[in-house]
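> need a structure here:
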Amino acid sequence: MFRGSIWYPNSLRGISFLGVIVLMIGVHQSQFLGLVDSTTLVFGWLPMQIAYDALFNVIGIAILYVLYRAAPEPPETLDTNKEG
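Sure, this is the predicted structure:
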């Protein structure tokens, strides 16, 4: 089942998808970037941490959309009610 997923690293596309996911996990740790204690304001009113989190979410949504569009269609004979 895992080998059939779109992010399994058996092609350049799979390696790219897996790399982007791992990269997003790494940049999600904003405390390592020093943003938690930041007093910088974006646009003069938005705290840097909130702006970073909002941008992170927008980029995450875009990545999920690309993964959704790149995923193959399930076969018509797939039984979703079957356990196992």
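> host element of the residue nearest the centre of the chain?
Averaging the C-alpha coordinates of the chain gives a centre point, and the residue nearest to it by Cα atoms, centre = their mean is G60 (4.4 Å). Here G60 is covered by helix 48-70, with elements defined by DSSP states H and E.
> just checking, the residue nearest to the centre of the chain touches M24?
Yes - applying Cβ atoms under 8 Å as the test, G60 and M24 come out as touching, 6.4 Å apart. The C-beta positions use only the backbone N, C-alpha and C, and glycine is treated the same way.
> got the contact list for the helix holding G60?
Surrounding helix 48-70, the residues in contact under the criterion Cβ atoms under 8 Å, 6 or more residues apart in numbering are 6-7, 13, 17, 20-21, 24, 27-28, 30, 33, 35-36, 38-42.
> go with 6 Å
Surrounding helix 48-70, the residues in contact under the criterion Cβ atoms under 6 Å, 6 or more residues apart in numbering are I6, V20, S30, L35, S38, T40, V42.
> In strands, which of these fall?
V42 (DSSP state E).
> And the residue nearest to the centre of the chain, how close does it get to I50?
Summarising the geometry, the distance separating G60 from I50, computed by Cβ to Cβ, to the nearest Å, is 15 Å.
> Enumerate the positions of the helix holding G60 that are buried.
Residues of helix 48-70 classed as buried under the neighbour-count rule (16 or more other Cβ atoms under 10 Å) are M48, Q49, A51, Y52.
> Quick check: end-to-end length of stretch 26-45?
Taking Cα to Cα, to the nearest Å, stretch 26-45 runs 27 Å from one end to the other.
> quick one: it to chain centroid distance?
On the basis of Cα atoms, centre = their mean, to the nearest Å, the separation between the geometric centre of stretch 26-45 and that of its chain is 19 Å.
> if I look at the residue nearest to the centre of the chain, how far off is L67?
Distance, G60 to L67, using Cβ to Cβ: 10 Å.
> Residues touching the lowest-mean-pLDDT helix or strand in the chain, excluding its own?
Scoring the helices and strands of the chain by mean pLDDT, DSSP states H and E places helix 12-27 at the bottom, with a mean of 88. Contacts to helix 12-27, defined as Cβ under 6 Å, 6+ apart, come from residues I6, W7, Y8, P9, I63.
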